[in-house]
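In: Starting from these lines, generate the structure:
(one chain, ligands or ions: 3)
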Amino acid sequence: MIGREARLAGFAAVAVTTPDAIPLAPGRLRQFVADAFHGSMGWMADTLERRAAPRTLWPEVRSIIVLAMNYAPDDDPRAVLEQPDRGAISVYARNRDYHDVIKGRLKEIAGRIVARTGGDVKVFVDTAPVMEKPLAEAAGIGWQGKHTNLVSREFGSWLFLGSIFTTADIPPDAAEEDHCGSCRACLDACPTDAFPAPYRLDARRCISYLTIENKGPIPHEFRAAIGNRIYGCDDCLAACPWNKFAQEASEAKLIARDDLRAPPLAELLMLDEKAFRTFFSGSPVKRIGRDRFLRNVLISAGNSGDAALAGRCRALLDDASPLVRGAAVWALSRLIDRDEFAALADSKAERDLNVQAEWIAAHSQAASVPPLIALPGTSPRENGEKEDSRNIGAHLSPSFTGRR
Ligand code: B12
Ligand code: SF4
Ligand code: SF4
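Out: Ligands and ions are numbered 1, 2, ... in the order given. So this is what the prediction gives:
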């Protein structure tokens, strides 16, 4: 009965498990947090105990119904990576926010379950501290592959997960086994080497974390590897051979918008707050806000090698957001020649310490000399100061700025 209701509501798979079916997950989650793999996602540490055990979250829960919605793309999402003047938005974010799409459907199904069984229910789709992947594996929907995401023999890796907790007793399904075997395609595909071991992800190195969750400047060591990925990353998912069984998403709200398949960086660099909100209305991209998004676009512009983007990057040196200005400095240092960059540096007065640090780092790199020793107060937030107005050229070496 639940299977039929779930399919009618657009879910590809549904299965049932019990709250005590994931005994290994709590320890592994604790290890993940102890290793600081969660980076700045402090809520993962804050909700650790509730997340680790479904009964801590809701003591009365007796059965957990896990549902999966297929969002497989109709093309190879890696194709856009070959177009450096375009931005790559990960498949899950090329149309409507899946949280909005799935939550309503889960509520519909939950309502029917209540009507039938009389139990109490709660629905979750990444909206509470629930470990959705191990629960889905325990329910038999798929297994957690070496890239840590759930893989199904029927649908490959392109599945969103949601769950319904209920006080009703529903017979559980059998767990799925691991079918990765000796394959390591996903591990080898990762551009930033984010897997310290199979089945373990250091989120701090993952492009999805760096471009979506991370609020500050993107660490220098990952900028080149990010390429033109402006929101999330699909490389490990797309590499999985089980995707040959994937079926294209049937839910219209999850099929890629044409204008989000390969948007030109030149256009994205023009987005102001209002235009950003309009363009990404209903999309998960909207969640990170215009400034963080522009930061990502600028990193991709810097990687594009397309000097035609320099004018737009230059305009963003005067943006109100220091995050945007800092990324614009980096992008320009890669798009214009040394002398032009030095002249620009000379002409700018920058108040934000993080942006000042970007100018200094960009100079060191462009000039191929050892990094300058940061002047007092120039390393980001190092001394608690927030702003310090300086002429940027004053930070750079005489040979670089042309002043002797
Ligand atoms: C935090 C988070 C992230 C973080 C961290 C990801 C991570 N792998 O932990 C970041 C921002 C990096 C991220 C990225 C992505 N995410 Co995310 N994310 C989550 C979230 C909110 C929590 C995941 C979590 O609990 N992580 C903590 C770790 C410890 O748990 P875990 O991943 O299950 O780790 C297990 C393994 O490491 C394993 N393990 C550890 N050691 C060992 C050793 C052995 C031998 C074995 C066998 C196993 C094993 O046990 C751990 C516990 O089960 C979930 C939603 C949710 N509420 O569950 C979505 C979720 C996992 N994300 C999802 C998606 C789609 C993505 C992206 C594809 C988005 C994108 N395109 O950019 C990427 C994929 C990156 C990747 N390879 O994981 C989907 C995945 C769907 C699926 N099919 O699995 C989820 C379930 C959201 C949803 N509702 O659909 N995400
Ligand atoms: S999403 Fe991209 S960066 Fe993150 S682990 Fe997968 S391949 Fe690596
Ligand atoms: S790519 Fe290979 S190792 Fe990675 S999840 Fe798929 S089958 Fe497993």
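
In: In terms of pLDDT, where does whichever residue of the chain sits closest to ligand 3 sit?
Out: In the chain, the residue that lies nearest ligand 3 is G145 (2.4 Å; C-beta to the nearest ligand atom). Bear in mind the C-beta positions are built from the backbone N, C-alpha and C, glycine included. Per-residue confidence at G145 stands at 98 (pLDDT).

In: Report the contact partners of the nearest residue to it once chain neighbours are set aside.
Out: Among residues not flanking G145 along the chain, V151 sits closest, at 4.3 Å (C-beta to C-beta, 6 or more residues apart in numbering). Taking C-beta atoms under 8 Å, 6 or more residues apart in numbering, we find V151 in contact with G142, W143, Q144, G145, S157, H179, C180, C240, W242.

In: rewinding a little: ok, the residue of the chain closest to ligand 3 to I2 distance?
Out: Per C-beta to C-beta, to the nearest Å, G145 is found 26 Å from I2.

In: quick one, which of the two is more surrounded?
Out: Taking neighbours as other C-beta atoms under 10 Å, G145 and I2 compare with G145 leading, 27 against 18.

In: Show the contacting residues for P26.
Out: Per C-beta under 8 Å, 6+ apart, neighbours of P26: A52, A53.

In: From P54, how far off is it?
Out: In terms of C-beta to C-beta, P26 sits 10 Å off from P54.

In: One more: S208?
Out: Relative to P54, S208 is positioned 25 Å away (C-beta to C-beta).

In: Looking at these two, which is more packed in?
Out: Neighbours were counted for S208 and for P54 using other C-beta under 10 Å; P54 has more, 25 against 20.

In: Leaving out the residues flanking it, which one is nearest to the more buried one?
Out: That would be P19: by C-beta to C-beta, 6+ apart, it lies 4.0 Å from P54.

In: Could you list the residues of the stretch 201-350 of the chain in contact with ligand 2?
Out: Residues of the stretch 201-350 of the chain lying close to ligand 2 (C-beta under 6 Å from any ligand atom) are L201, C206, I207, S208, C233, D235, C236.

In: Pull the contacting residues for the residue of the stretch 301-404 of the chain found nearest ligand 1.
Out: Using C-beta to the nearest ligand atom, N303 is the residue of the stretch 301-404 of the chain that sits closest to ligand 1, at 17.9 Å. With contact set as C-beta under 8 Å, 6+ apart, N303 has these partners: P84, R223, A224, I226, G227, N228, R334.

In: where do the strands sit along the stretch 201-350 of the chain?
Out: Along the stretch 201-350 of the chain, counting by DSSP state E, counting those that start in this stretch, strands occupy 229-231, 349-352.
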